[in-house]
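1. here is my input; please provide its structure:
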Amino acid sequence: QVQLVESGGGLVQAGGSLRLSCAASGRTLSSAAWFRQAPGKERELLAIISWNGGSTSYADFVKGRFTISRDNAKNTVYLEMNRLEPEDTAVYYCAAARRWTYYTDNRNEYVYWGQGTQVTVSS
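-> Model (predicted):
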């Protein structure tokens, strides 16, 4: 079992930045991901990072603005978000893969979730 706790959300003006953190406990994180869900919309996959950070991937709509990273010594994954837009308003979740894996882009493998952190971007 993996327990995930997100933090770092808040209210920011358009064009601003936030850094989200996801602290894991229970076992070492392997492949990890960030998702978000806005009211009335489906959950979107934003970014994935491999176990050692050597491989990352991003949804097209966040490329160049968001950066996923990790610190394995702290068992923590981060999401740096820049040039935020009102459309980025959502609850942001980190997720961990079902079993130890170097990297997976199969969203069905992400079965451990945090409670989410709210990000609100004002215009």
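
2. any idea how far the closest residue to E44 other than its chain neighbours is from Y110?
-> Distance criterion Cβ to Cβ, 6 or more residues apart in numbering; nearest residue to E44, sequence neighbours excluded, is R36 at 5.5 Å. Placement of C-beta: from N, CA and C, glycine included. When distance is defined by Cβ to Cβ, to the nearest Å, R36 is 13 Å away from Y110.

3. tell me the secondary structure for the residue nearest the centre of the chain?
-> For the chain, W34 is the residue whose C-alpha lies nearest the centre (Cα atoms, centre = their mean; 2.3 Å). Secondary structure assignment for W34 (DSSP: H, G, I helix; E, B strand; the rest coil): strand.

4. ok, it - contacts?
-> If a contact means Cβ atoms under 8 Å, 6 or more residues apart in numbering, then W34 has L20, C22, L46, A47, F66, I68, V77, L79, Y92, Y93, C94, A95 as its contacts.

5. same thing with Q115?
-> By Cβ under 8 Å, 6+ apart, the neighbours of Q115 are V5, E6.

6. from R65, how far out is N52?
-> From N52 to R65 the distance is 24 Å (Cβ to Cβ).

7. who has more neighbours, these two?
-> R65 (15 against 11; other Cβ atoms under 10 Å).

8. can you verify my assumption that that one contacts N82?
-> Yes: using Cβ atoms under 8 Å, R65 is in contact with N82, at 5.3 Å.

9. on contacts alone, who are the packing partners of the helix or strand containing Y112?
-> Assigned by DSSP states H and E, Y112 belongs to strand 110-113. If contacts are counted by 3 or more Cβ pairs under 8 Å, 6 or more residues apart in numbering; DSSP states H and E, strand 110-113 sits against strand 3-7, strand 90-97.
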